[in-house]
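Peer 1: Attaching a predicted model along with its sequence, questions to come.
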Amino acid sequence: MPITYSTYEAKAKFSQLLRQVREGMTVQVSYHGEPVAEIRPLKKARGGTEARIAELMARGEIQPARDPDAPIKVGKPSRGALARFLADRNE
């Protein structure tokens, strides 16, 4: 069962909260009695960066560069691109 702190307590005792998380505990933060966030230890990556890259390539999420020495090409700015990007994020 996770330890629960109010937002006020979490702010006031943040160092203590992080110490508990480093020890492997999960901590919830509540706002007006309702849980709104959970802070837990990060899972350690297995095998390091190379293994993670290999896993992402196997799933097709990333691809190796065709020519690693080629310069990166930047296209022309597109009018309204930021608005479209933000709208896509909120869907």
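Peer 2: Arrived safely, thanks for sending.

Peer 1: export stretch 31-38 as CSV, just CAs?
Peer 2: Extracted C-alpha coordinates of stretch 31-38, given in CSV (Å, rounded to 0.1, in the frame of the first residue of the first chain):
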residue,chain,number,x,y,z
TYR,A,31,-5.2,17.0,-3.5
HIS,A,32,-8.2,17.5,-1.3
GLY,A,33,-8.1,13.8,-0.3
GLU,A,34,-8.1,12.5,-3.9
PRO,A,35,-4.9,10.8,-5.2
VAL,A,36,-3.6,12.8,-8.2
ALA,A,37,0.0,11.5,-8.6
GLU,A,38,2.2,8.6,-7.9
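
Peer 1: what is the mean pLDDT for it?
Peer 2: Throughout stretch 31-38, pLDDT has a mean value of 95.

Peer 1: end-to-end on stretch 62-82?
Peer 2: 24 Å (C-alpha to C-alpha, to the nearest Å).

Peer 1: Kindly apply the preceding question to stretch 39-49 instead.
Peer 2: Chord length of stretch 39-49, first to last residue, is 24 Å (C-alpha to C-alpha).

Peer 1: Stretch 35-51 now?
Peer 2: 35 Å.

Peer 1: contacts for that stretch?
Peer 2: Identification of contacts with stretch 35-51 by C-beta atoms under 8 Å, 6 or more residues apart in numbering yields 2, 4, 7, 17, 21-22, 24-30, 52. The C-beta positions use only the backbone N, C-alpha and C, and glycine is treated the same way.

Peer 1: And that stretch, how far out from the chain middle?
Peer 2: Centre-to-centre, stretch 35-51 and its host chain are 9 Å apart (C-alpha atoms, centre = their mean, to the nearest Å).
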